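In: my questions are about this predicted structure, shown below with the sequence.
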Amino acid sequence: MRYASLLALLSLLVIAAACGCTDTGQTTPAPEPLEGSVTVVHGGTSLTYDYDYDAIAAMPAWEGTAYAVSTVGIKYGPYRVKGVPVADLIALSGPFGPENQAWISADDGYMWVIDYDQVMGEGFITFDEGLKEIPPPPLTVILMYEQDGRPLTYDEGGPFRVVIASDQEGVITEGSSWVKWVSTIEVK
Ligand SMILES: Nc1nc2c(c(=O)[nH]1)N[C@H]1C(S)=C(S)[C@@H](COP(=O)(O)O)O[C@H]1N2
Ligand SMILES: [Mo]
């Protein structure tokens, strides 16, 4: 009997929490930036550059809009995005030319390779909102640390996510190159 009432009380608490009945009615504050760093590897370990959130946020930022489609055709976005151009991060670490690629890897083991042209914003496939292929407008590949005016949450791929961004609204790119939880950018 005591167990039964204890259980009843517990379930009430769980229901209250789940339905938000314990809410104070305040809006959720912007998340604190997550801890993390991105390492740019260029020509071996001796040329490894580490950046923390504050260091990256202190660099000249690029802002625009970004919109993606997943391999199963689900669109996500458009988002207002802010970050540092990946080309700028690489330029700080050494020379980068048409013979090079950037291997972008993440904490979960995901890795995506973009070639020189793509780092420079060219050679991506782009779609309109009806998912009809369109000629790509100028694009900028950024290491994003803010989405819609606030730091990225873990679920959004924070602290750092690579996105293919544009000045122009309604330009959709493929989600597979939007690497979440970026840990390393390696120039090969
Ligand atoms: N680190 C990491 N980034 C990733 C992936 C992943 O598995 N791991 N999947 C990619 C693919 S294939 C897609 S379509 C999008 C999905 O983004 P979402 O999880 O925000 O919906 O993330 C991309 N970035
Ligand atoms: Mo995908």
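Out: Right, received. Where do you want to start? This structure is a prediction, so every number in the text was calculated from the model and none was measured. Ligands and ions are numbered 1, 2, ... in the order given.

In: what values do phi and psi take at the residue in the chain that ligand 2 sits nearest to?
Out: Nearest residue of the chain to ligand 2, counting by C-beta to the ion: Thr71, 3.6 Å away. Yep, even glycine has a C-beta here, placed from its N, CA and C like the rest. Backbone torsions for Thr71, taken as degrees, to the nearest 10, come to phi -60, psi -20.

In: helix/strand/coil for the residue lying closest to it once chain neighbours are set aside?
Out: Using C-beta to C-beta, 6 or more residues apart in numbering and skipping the chain neighbours, the partner closest in space to Thr71 is Ser176 (6.5 Å). Following DSSP: H, G, I helix; E, B strand; the rest coil, the label given to Ser176 is helix.

In: okay, Ser176: pLDDT?
Out: With respect to pLDDT, Ser176 has a value of 97.

In: check contacts around it.
Out: Neighbouring residues of Ser176 by C-beta atoms under 8 Å, 6 or more residues apart in numbering: Ser70, Thr71, Trp112.

In: I'd say Ile104 and Val179 touch.
Out: Yes - assessed by C-beta atoms under 8 Å, Ile104 is found in contact with Val179 at 4.9 Å.

In: spell out which residues of this protein are next to ligand 2.
Out: Proximity of the chain to ligand 2, by C-beta under 5 Å from the ion, involves residues Ser70, Thr71, Gly175, Ser176.

In: lowest-confidence helix or strand of the chain?
Out: helix 2-19 (a mean of 48; mean pLDDT, DSSP states H and E).

In: averaged pLDDT, the helix or strand just after that helix. What do you get?
Out: The helix or strand immediately downstream of helix 2-19 is strand 37-42, counting by DSSP states H and E. The average pLDDT for strand 37-42 rounds to 92.

In: so strand 37-42, near ligand 1 or not?
Out: No - shown here: strand 37-42 not in contact with ligand 1 (C-beta under 6 Å from any ligand atom), separated by at least 12.7 Å.

In: which residues are in contact with that strand?
Out: 47-52, 56, 89-90, 92-94, 143, 160, 182-187.

In: relative to that strand, what are the paired strands and their orientations?
Out: strand 48-52 (antiparallel), strand 182-187 (parallel) (DSSP bridges).

In: alpha carbons only: can I get the first one in PDB?
Out: Read it as strand 48-52. What follows is strand 48-52, C-alpha atoms only, in PDB (Å, rounded to 0.1, in the frame of the first residue of the first chain):
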ATOM      1  CA  THR A  48      48.600  22.200 -35.400                       C
ATOM      2  CA  TYR A  49      46.500  25.200 -34.400                       C
ATOM      3  CA  ASP A  50      44.100  25.000 -31.500                       C
ATOM      4  CA  TYR A  51      41.200  27.300 -31.100                       C
ATOM      5  CA  ASP A  52      38.700  27.600 -28.300                       C
END
